[in-house]
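Enquirer: Build the 3D model from these lines:
(chains A, B and C)
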Amino acid sequence: MDLQIFIQQLVNGASLGSMYALIAIGYTMVYGVLRLINFAHGDIMMVGAFLTYFAHQLWGMPFELAVLVGILGAVIVGILTDKIAYKPLRDAPKISLLITAIGISFFLENLFTVLFGSTPKAFKAPEYLTKIFQINGIYLPVSVIIIPIVTVLILVVVLWILFKTKQGIAIRALAFDINTVKLMGINADKIIMIVFAIGSALAAIGGIFYAVSYPSIDPLMGIIVGLKAFAAAVLGGIGSVTGAVIGGFILGFTEIFVVAMFPELGGYKDAFAFFFLILVLLFKPTGIMGQDLERGRF
Amino acid sequence: MNGFLIVDHVTMDFGGVRAIDDLSFEVYKGEIYGLIGPNGAGKTTIFNIITGNLKPTKGRIILEGEDITGIKPNEAVYKGIARTFQNIRLFKSMSVLDNILIGFDSKAKYSYFEAILRLPRYFKYEKIIREKAYELMDIFGIREFEDSLATELSYGNQRKVEIARALATGPKLLLLDEPAAGMNPKETAELSDIIHKIKKDFDLTILLIEHDMKFVNAMCDRVTVLDYGEKIFEGKPSEAIVNEKVIAAYLGDFSNA
Amino acid sequence: MSKLIRNLILIAATIAFIVWAQNNLEPYTLRIVNNIGIFLILALSYNLINGVTGQFSLEPNGFVAIGAYFTALMLIPPEVKLDMFALTDPAPIVMKMHASFLPAILTGGIAAAFVALLLSFPVFRVRGDYLAIVTLGFGFIIRIFAINNPEYTNGALGLNDIPQIANLYWIGGIALITFITMIHIIYSKYGRAMKSVRDDEDAATAMGINTFKIKTLAFMTSAFFEGVGGGLLASYLSTITPDQFSFLLTFQLLIIIVLGGLGSMTGTVVSTILVMGGMEWLRFLDDDITIFGYDFGAHPGLRMVVFSILLIVMMLFAREGLFGNKELPDILKKFKKLKKSKV
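Expert: Numbering: from 1, shown residues only, chains lettered A, B, ... in the order given. Predicted coordinates for the structure are as follows:
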């Protein structure tokens, strides 16, 4: 593979990996504090993209404002999901929570199908994002450069929150032992709400990036991307934010490079995440960052 | 070292925390042996090491001459070890009878297909283990509750079911984790009688964790006292309560001894 | 009346109904009964891994697809395959695969059970709730595999002209067998072990139960019957495509077993009828809706919005469903005991 193509794929991989990373962070944080796989998380990404589309293309808002609407809307949906469906089941058997999460996921998918129809919609992003530069035969849409940069910045912010703020420390403590944290007077519900807010905001951003890069959106777009992002989170080490980002980038690069080098495997692109998942579970369930969240079990 | 159960220089580290520090003691066959100490001293941890739920950082567990360190937890039963839990872990959706039948299920030798096709071996073994279960329930006086859900019983009766269920597996060594916790004096006395009886009838060696010194005094032949994962005393219970180190660890709380 | 007599009467009555229905019902109604029969097979087996063993799984659509494809490939005569495979020539083994109905169905079941065995290793040996996400992904992978291997599956075109041998005799009969099998499993040491894993995995292990083996056993059993159900579906519909086996199928089964009561087979029987009936009745929600003369237009997806809300509401307020985790005779027994003690 010559250098030109290599760099092209590198850039594409970084962009794709960023989207997976952003969504994976939300999965891993919710799993960390609640031990819950929030199946609805991938759909939050879809909600973010659709609300932006709605605000910008159907309501006529300027794009930047529409993005804010999208993110805010997704955050509200995420927080409401926790308040209405997950919080009442905090002490219920785990399976009830998982079933409810699937219910919410299915509900969001069908609700947006009813509201917007199932045919894919064209997502119009402003020119300054879609403009394509050509350098030495390498095609660089502006978005492909911006997305990884913004993602890394967001990661830095999230890590800063987790390690340098009171709420962030509480989030990390909650992941280890929710009961002790409650006994220390911390309002666990408020902390959990913050986790959902952060996760949903990131997912919405990931969804908007996705919509800018592959300019069509449909109500079922969150399912596959969500699944892959979760696999990325497990690959990186479930519960670890850095791991989620690492896993996201590994998955992104793998999808792009494997298909570039072996085009005949193109149809299996979406299956790579699944195989990563199986491999991790078979050989190193704690993932790359290896946080063993079950340590305090006995 | 001729003990029935030998805990041999066991150390248990959890990351940076040393839960058990170079612990050794021996339990002789047919004894009732007590493991006592303040909360967090490491008593349940040593149980979990004996049953294979935890692998010790250092040291060995030897049962009847066989090194059983690090066995898989579901193998403990096949080595003759049965246990109860501090917070009574009965199978909540199942009846008392079913809970106890599970203890006997390793003796029900019919295959999956024989169960599905309801071949004669299914009926034969179900009958056998059912009879054994009724016998056991009669000993504990809980037969009347056979169809009740575990959660419908009083705490004392639940504890009886849990011990019966453990006994159903046919152990040589029975580990009881705070069996008298949460019981009133009447229930405690009843429990004490039952434990003595089953020890005799079923030829058991019993290792129990307890806080209640009166209970320990009445039940145990010898005890080991733990504090912060270290052994600070081993010997007769009557000697334990007057030992300086033990008193210091408990801050003199022997008002109910 | 002894239990055996009661059971034999119920079985005889069911067989009588099957025979009567096959010969007397209108085609439309017969189709609904057949659908209920197939869904019953799928729901009963789904309840074994989910409800009885307590392992949250989203597997049915994947295993149904496997069963459907294997059975279809075995039933379609070789000459027809040669014609039908439009994208590439069928693979040699596909040409060789041919069998009569029952072996074809069983092959579907066994293939599904084998895949379940393979999936057990990454999933059941680790702690955590990975079964759900792995089975969810598995459903998508099956579809990807079907589309990308046209020499085996005819790709996105799917298979048609599948001999329509499945009728209510087969479907009803196998549904009855599935029900009896599940009941026999539950009331045996294997069922007790499965329930113990559901209730308290650590305590089950302390009792000597190999939880990995029991979960795998339940999973393979569920997969087998789901594969068989898939084979029946293929033969009944005569046409299968990769898109047919979507998550929607699993979701419907999930609602069924939750409504009936997770772990209750008799509950599943009742709820299958209710949910299938409900799905038919609520079909109007996906069409043009006119209320008081005002045309709201057609909004496909509304029906499933209602069902997802139903599921969420059930989980919040009626988690036990109709029968909880008990079977109907046990519930009646308790009820009688309660009445007696009040006298």
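
Enquirer: residues near residue 233, how many?
Expert: If you meant another chain, say so; for now it's chain A. The number of residues packed near A:Ala233 is 36, by other C-beta atoms under 10 Å in any protein chain shown. (C-beta placed from N, C-alpha, C; glycine too.)

Enquirer: oops, chain C please
Expert: Look at C:Leu233: counted by other C-beta under 10 Å, it has 29 neighbours.

Enquirer: can you check B:Pro120 too?
Expert: If you count neighbours by other C-beta under 10 Å, B:Pro120 ends up with 9.

Enquirer: Quick check: it vs B:Glu126, distance?
Expert: When distance is defined by C-beta to C-beta, to the nearest Å, B:Pro120 is 11 Å away from B:Glu126.

Enquirer: Show me which residues of the one helix or strand A:Leu281 maps to are buried.
Expert: Element membership for A:Leu281 (DSSP states H and E) is helix A:272-283. Neighbour-count burial for helix A:272-283 flags A:Phe272, A:Ala273, A:Phe274, A:Phe276, A:Leu277, A:Ile278, A:Val280, A:Leu281 (criterion: 16 or more other C-beta atoms under 10 Å in any protein chain shown).

Enquirer: so who does the second one touch?
Expert: For A:Ala273, the contacting residues are A:Leu227, A:Lys228, A:Ala231, A:Ala232, A:Leu251, C:Gly137, taking C-beta atoms under 8 Å, 6 or more residues apart in numbering or on different chains as the criterion.

Enquirer: Point to the residue nearest the middle of chain C.
Expert: Centroid-nearest residue in chain C, with C-alpha atoms, centre = their mean: C:Leu42, separated by 1.3 Å.

Enquirer: thought it was touching C:Gly231?
Expert: No. Using C-beta atoms under 8 Å, C:Leu42 is not in contact with C:Gly231, being 11.6 Å away.

Enquirer: Phi first, then psi, for the one residue in the stretch 151-257 of chain B that gets nearest to chain A.
Expert: Closest contact between the stretch 151-257 of chain B and chain A, by C-beta to the nearest C-beta, is at B:Asp177 (11.7 Å). Backbone torsions for B:Asp177, taken as degrees, to the nearest 10, come to phi -100, psi 100.

Enquirer: same check, this time on B:Arg18
Expert: Dihedral angles for B:Arg18 - degrees, to the nearest 10 - are phi -90, psi 100.

Enquirer: how deep is it tucked in, by neighbour count?
Expert: A count of nearby residues for B:Arg18, using other C-beta under 10 Å, gives 16.

Enquirer: Is chain A within reach of the host helix or strand of C:Ala104?
Expert: According to DSSP H and E, C:Ala104 maps onto helix C:101-124. Yes. Against chain A, helix C:101-124 shows contacts by C-beta under 8 Å from any C-beta of the partner chain at C:Phe121, C:Pro122, C:Val123.

Enquirer: By neighbour count, which of those residues wins?
Expert: Among the residues of helix C:101-124 next to chain A, C:Val123 has the most neighbours (other C-beta under 10 Å), with 28 neighbours.

Enquirer: Quick check: it vs A:Phe276, distance?
Expert: From C:Val123 across to A:Phe276, the span is 15 Å (C-beta to C-beta).

Enquirer: Then A:Gly42?
Expert: In this view, A:Gly42 and A:Phe276 are 17 Å apart by C-beta to C-beta.

Enquirer: A:Ile194 and A:Gln167 touch, don't they?
Expert: Yes. At 5.6 Å, A:Ile194 and A:Gln167 qualify as touching, with contact defined as C-beta under 8 Å.

Enquirer: who touches C:Phe17 in this structure?
Expert: C:Gly172.

Enquirer: Give the buried residues for the strand or helix carrying it.
Expert: For C:Phe17, the host element (DSSP H and E) is helix C:3-24. Neighbour-count burial for helix C:3-24 flags C:Ile18, C:Ala21, C:Gln22 (criterion: 16+ other C-beta under 10 Å).

Enquirer: Redo the residues you listed as a markdown table? Include distance to chain A.
Expert: Below are these laid out as a markdown table (distance: C-beta to the nearest C-beta, whole Å):
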| residue | distance to chain A |
| --- | --- |
| C:Ile18 | 32 |
| C:Ala21 | 32 |
| C:Gln22 | 35 |
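
Enquirer: Closest one of those residues to A:Trp59?
Expert: For the buried residues of helix C:3-24, the closest approach to A:Trp59 (C-beta to C-beta) belongs to C:Ala21, at 54.5 Å.

Enquirer: okay, the spatially closest residue to A:Ile25 that is not a sequence neighbour: pLDDT?
Expert: Excluding its sequence neighbours, the residue lying closest to A:Ile25 (C-beta to C-beta, 6 or more residues apart in numbering or on different chains) is A:Ala244, at 4.8 Å. Per-residue pLDDT puts A:Ala244 at 92.

Enquirer: Tell me how many other residues crowd A:Ala244.
Expert: Number of residues near A:Ala244 (other C-beta under 10 Å) recorded here: 36.

Enquirer: For it, which residues are in contact?
Expert: Listed by C-beta under 8 Å, 6+ apart, the contact partners of A:Ala244 are A:Ala21, A:Ala24, A:Ile25, A:Tyr27, A:Thr28, A:Ala232, A:Ala233, A:Gly236.

Enquirer: coming back round to it: chain center to the helix holding C:Ala104, what's the gap?
Expert: Centroid separation for helix C:101-124 versus its chain: 14 Å, with C-alpha atoms, centre = their mean, to the nearest Å.

Enquirer: for stretch A:41-51, same thing?
Expert: Taking C-alpha atoms, centre = their mean, one finds the center of stretch A:41-51 at 10 Å from the center of the full chain.

Enquirer: Stretch A:120-135 now?
Expert: In this view, stretch A:120-135 has its centroid 22 Å away from the chain centroid, taken as C-alpha atoms, centre = their mean.

Enquirer: Might you list the low-confidence residue ranges for the stretch 1-150 of chain A?
Expert: Along the stretch 1-150 of chain A, segments meeting pLDDT under 70 span A:1.

Enquirer: can you map out the helices along it?
Expert: Assigned by DSSP state H, counting those that start in this stretch, the stretch 1-150 of chain A shows helices spanning A:3-34, A:41-53, A:63-81, A:94-116, A:127-130, A:142-164.

Enquirer: now swap in the stretch 151-300 of chain C and tell me
Expert: Ranges of helices in the stretch 151-300 of chain C, per DSSP H, counting those that start in this stretch, are C:168-186, C:189-199, C:201-206, C:211-237, C:247-260, C:265-281.

Enquirer: Who are the packing partners of the fifth one?
Expert: By that I understand helix C:247-260. In terms of contacts (3 or more C-beta pairs under 8 Å, 6 or more residues apart in numbering or on different chains; DSSP states H and E), helix C:247-260 is packed against helix A:94-116, helix C:27-47, helix C:60-75, helix C:130-148, helix C:265-281, helix C:302-317.

Enquirer: could you redo those as CSV and give each row distance to chain B?
Expert: Formatted as CSV, the helices and strands packed on helix C:247-260 follow (distance: least, C-beta to the nearest C-beta, whole Å):
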stretch, distance to chain B
helix A:94-116, 12
helix C:27-47, 13
helix C:60-75, 19
helix C:130-148, 20
helix C:265-281, 14
helix C:302-317, 18
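
Enquirer: Format the ones you listed as CSV; extra columns: distance to A:Val67.
Expert: Shown next, in CSV, are the helices and strands packed on helix C:247-260 (distance: least, C-beta to C-beta, whole Å):
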stretch, distance to A:Val67
helix A:94-116, 18
helix C:27-47, 42
helix C:60-75, 36
helix C:130-148, 30
helix C:265-281, 39
helix C:302-317, 27
